[in-house]
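**Student:** Quick one, what's the 3D model for this:
(one chain, ligands or ions: 1)
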Amino acid sequence: MAEHPGHSGTRDAEPMSGNWNENPPWVVPVPTDEDREFFEGASRGELRIQRCDECGLHQHYPRYLCSHCGSTEVKWVTASGVGTVYSFTVIRQNGVPPFRERLPFVVAAVDLEETGARLVASMPGADPAQVAIGMQVRATFRSVGEGIGLVDFA
Ligand SMILES: [Zn+2]
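**Tutor:** Predicted structure coming up:
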């Protein structure tokens, strides 16, 4: 039986490949009134999240209501970009370009230092063997369209 060509039996020692700055139309978000500030902020190099005036907690993804207390008093703030890996996975299979060319890569759930906000994001520069729960990470920004950016972590 032939061995799967992508399985070498070694650890993921190589840095990630693929061009993370080539973004075909199907990976570019189409912002709504609710989340436009997040994507436009990312295109400016700002991590925009929401803070609730009622309970003081933060949230992500963007919503009209506070996910912690239900208040409508949510306001946009700029986060520091510093966070901690809450959990992560290593994507090893994906047949769709451009993801196919980026394998393997890490997708992490990151708790921001602004209490209450957790983002799920890619870690394009990360060696999967080096990522660990609890490690400190920092937001990076990637433009994917006219005035539209994505948030990654490194
Ligand atoms: Zn609240």
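**Student:** Kindly state the pLDDT recorded for Gly125?
**Tutor:** Per-residue confidence at Gly125 stands at 89 (pLDDT).
**Student:** An error on my part: the question was meant for Arg51.
**Tutor:** pLDDT, Arg51: 98.
**Student:** Is it correct that Ala42 falls within a strand?
**Tutor:** No. Ala42 is assigned helix when assessed by DSSP: H, G, I helix; E, B strand; the rest coil, not a strand.
**Student:** and the lowest-mean-pLDDT helix or strand in the chain, how far out from the chain's middle?
**Tutor:** Within the chain, confidence by mean pLDDT, DSSP states H and E is lowest for helix 99-102 among all helices and strands, at a mean of 94. Relative to its parent chain, helix 99-102 has a centroid offset of 16 Å by C-alpha atoms, centre = their mean, to the nearest Å.
**Student:** Next, the contact list for the residue most central in space within the chain, please.
**Tutor:** With distances taken as C-alpha atoms, centre = their mean, the residue of the chain nearest its centroid is Ala121 (1.7 Å). Counting by C-beta atoms under 8 Å, 6 or more residues apart in numbering, Ala121 makes contact with Val107, Ala108, Val110, Ala139, Leu150, Val151, Asp152, Phe153. Where you see a C-beta, it was placed from the backbone N, CA and C, and this is true even at glycine.
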